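J.: The sequence and its predicted three-dimensional model are supplied below.
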Protein chains: 2
Amino acid sequence: MNSSICVLAGGVGAARFLQGLVNVTEQKNITVISNVGDDVDLYGLRVCPDIDIVIYTLAGLINSKVGWGLLDDSFTVLKALKNFGYDDWFNLGDQDLATSIHRTRLLREGVPLHEVTRQLARSFSLDLNILPVTNTQMATRIETEEGALPFQDYMVRLRGAPRVTGVHFSKIEDALPAPGVLEAIAEASIIVIAPSNPFLSIDPILSISGVRDALEASKAPRVAISPIVEGSAIKGPAARMLESLGHEVSAVGVARIYADLVDWFFLDELDRDLEKSIKSLGLNTHVTNTIMSSDSKKRSLASEVLQVAGL
Amino acid sequence: MNSSICVLAGGVGAARFLQGLVNVTEQKNITVISNVGDDVDLYGLRVCPDIDIVIYTLAGLINSKVGWGLLDDSFTVLKALKNFGYDDWFNLGDQDLATSIHRTRLLREGVPLHEVTRQLARSFSLDLNILPVTNTQMATRIETEEGALPFQDYMVRLRGAPRVTGVHFSKIEDALPAPGVLEAIAEASIIVIAPSNPFLSIDPILSISGVRDALEASKAPRVAISPIVEGSAIKGPAARMLESLGHEVSAVGVARIYADLVDWFFLDELDRDLEKSIKSLGLNTHVTNTIMSSDSKKRSLASEVLQVAGL
């Protein structure tokens, strides 16, 4: 099979989907277009949580209990940094920090993020093409009823608790797609929007100049997988955000957001009763297990997604 | 006692002398002018070994078995960095790395090194004034019979083994003394050249524009403590370097190097037979225990040095 599968990806949900995908197709067939809106400079080091979650997960090294960071990592540096007055609510482990130290060194030397990311993936023995959607450092700001917050303050420090009234991406006007991003979309045999947060993970990708257009122009099947099952997010604040941002809190709410962008919508069998509403948006539907609670369920989901494109 | 004691300092030997000094006078009376010729950028992080050895030693946190690094430190980050192709011969521990991460962040934000160092000393609850001799990043290059080497390659990777034929300091022509350095020398009640390597620790300090002149212009007693006892260095390659650079391998050889700069030369009682030769250089001498093998010996040496200035 010589195909090209393009996956728009956030963090944990996307990484789980990709775990299935690499078991049903060769890694070299896959291009991941990764959100960088949650990137953050900590202690002067560039941390790219979504990219790293994907890399660590596919390398089999993720701390799956929490969904981020490396298995059995220690926190010695973080503890020592506290002595200098730093916050320690962003739990960056020692081995995880090594990744950010290496990334920061390369960036400072002028290596662009997409090339840094390529090298990182190779260091973890991965063959798939992980591309940051842009090499420009952008920042997601969350408008909440308690005021505007930098993304990680909202997400990690406050654990996604404040009610969200808006999401903004700073520096996004001038941000160009990273080399390879538009090409990967244009040349894809299938494009998949991973089961990630539509507002925090997918929208920052779609907001980079040219990305939405490329997606709309593609003749390949375009599939979105619902991150919402039975009105709840598998992980994170997606459901609460649907509500506070005025959407229906269900797979239908998500399907509406993507209706103009995709041809297929994958929803969970627990939401089978919503299929009709989603079809009425003009979308093809596929009802299956989307929760990916086991390796075999991950593999099945990936395999069923590829079948849409006859792959 | 309201005095100002100015100490020109390298790493381990200077730190041991300062341990004695802080036991016989208040820290606020002491200004340390620290060598930065051995500073190195590792993994994109600025490491200042001599400054850190002094800080860790005085904070009671030094790994005294090896003379650098923090007690009971771990090496998790270093091990993870190896995965990205980095050498690991420079054994930077996890807690030690936190210091360099913090330093690097502040430097990148434009905070000058002397201010960064002041903040670091405060973070370790120290009250003495530790000043890098310059805020300019300089680099010591060691000419050896095996070719020219960056300082840490010579010192750490090759453990000071290659025969040294010359020492050069790059970028030193434009380097200005850090704010406070010339003032500390000019206003000192006593100036001490610590028992550090004359070529690798003290010469880079004296080579910064204005420092040697300030030392020569001082009316205060100026004391050098021999780093050589019975023809050997207490630590490091000083003895071998005296030989290969054409000096007598003894306290006399060191005294000759400093003869025009100091009034007093402190030599070890094991070298009592050399006192006459040193006096013949026009120097006052003081024979005592300089090996500092115990806290009380460190205290005695510091106390005897201060007595030279009637302090």
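T.: Done, it's in.
J.: Could you give me the buried positions within stretch A:247-263?
T.: For stretch A:247-263, a neighbour-count test (16 or more other Cβ atoms under 10 Å in any protein chain shown) marks A:247-258, A:261-263 as buried. C-beta here means a position set from N, CA and C on the backbone, and glycine is covered the same way.
J.: Over to stretch A:198-216?
T.: The neighbour-count check on stretch A:198-216 (16+ other Cβ under 10 Å) flags A:198-208, A:211-212, A:214-215 as buried.
J.: ok, now stretch A:141-154?
T.: Going by neighbour count (16+ other Cβ under 10 Å), the buried part of stretch A:141-154 is A:R141, A:I142, A:E143, A:T144, A:L149, A:F151, A:Q152, A:D153, A:Y154.
J.: Pull the most distant pair out of those.
T.: Using Cβ to Cβ, the buried residues of stretch A:141-154 span at most 15.4 Å, a distance reached by A:E143 and A:Q152.
J.: quick one: A:D213 and B:I142, what's the gap?
T.: Distance, A:D213 to B:I142, by Cβ to Cβ, to the nearest Å: 58 Å.
J.: typed the wrong thing, it's A:V164
T.: Taking Cβ to Cβ, one finds A:V164 at 58 Å from B:I142.
J.: swap in A:D153?
T.: Using Cβ to Cβ, we find A:D153 at a distance of 47 Å from B:I142.
J.: Could you do A:K79 as well?
T.: The value you get for A:K79 to B:I142, if Cβ to Cβ is used, is 36 Å.
J.: And A:L120, by the same measure?
T.: As it turns out, when the distance is counted by Cβ to Cβ, A:L120 lies 34 Å from B:I142.
J.: for chain A, what are the low-confidence residue spans?
T.: Segments of chain A classed as low confidence (criterion: pLDDT under 70) are A:1-2.
J.: So which residues on it come close to chain B?
T.: Counting by Cβ under 8 Å from any Cβ of the partner chain, the residues of chain A close to chain B are A:43-45, A:73-74, A:76-77, A:79-81, A:83-86, A:94-95, A:97-99, A:101-102, A:104-105, A:108-109, A:120, A:123-124.
J.: Among those, the buried ones, what's the PyMOL command?
T.: With 16+ other Cβ under 10 Å as the burial test, the buried ones among these are selected in PyMOL as follows:
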select buried, chain A and resi 43+44+45+73+76+77+80+81+84+86+94+95+97+98+99+101+102+104+105+120+124
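J.: Show only the entries of the residues of chain A next to chain B found in helices.
T.: Using DSSP state H, the members of these that fall in helices are A:76-77, A:79-81, A:94-95, A:97-99, A:101-102, A:104-105, A:108, A:120, A:123.
J.: Skip the chain neighbours and tell me the closest residue to the residue of the stretch 101-250 of chain A found nearest chain B.
T.: Using Cβ to the nearest Cβ, A:R105 is the residue of the stretch 101-250 of chain A that sits closest to chain B, at 3.1 Å. Of all residues not flanking A:R105 in the chain, B:G44 sits nearest, at 3.1 Å (Cβ to Cβ, 6 or more residues apart in numbering or on different chains).
J.: so who does that neighbour touch?
T.: Listed by Cβ atoms under 8 Å, 6 or more residues apart in numbering or on different chains, the contact partners of B:G44 are A:I101, A:T104, A:R105, A:R108, A:E109, B:T104.
J.: Would you check which pair of those lies furthest apart?
T.: Of all pairs drawn from those, the widest gap by Cβ to Cβ lies between A:E109 and B:T104 and measures 14.0 Å.
J.: Next, count neighbours for the nearest residue to A:R16 once chain neighbours are set aside.
T.: Of all residues not flanking A:R16 in the chain, A:M292 sits nearest, at 4.7 Å (Cβ to Cβ, 6+ apart). Taking other Cβ atoms under 10 Å in any protein chain shown as the criterion, the count of residues near A:M292 is 21.
J.: Also A:K219?
T.: Using other Cβ under 10 Å as the criterion, A:K219 is surrounded by 7 other residues.
J.: got a list of what it touches?
T.: By Cβ under 8 Å, 6+ apart, A:K219 has no neighbours at all.
J.: now A:E143
T.: So, once contact is read as Cβ under 8 Å, 6+ apart, A:E143 ends up touching A:V164, A:T165, A:G166, A:V167, A:H168.
J.: run the last query once more with 10 Å
T.: Taking Cβ atoms under 10 Å, 6 or more residues apart in numbering or on different chains as the contact definition, A:E143 lies against A:L149, A:Y154, A:P162, A:R163, A:V164, A:T165, A:G166, A:V167, A:H168.
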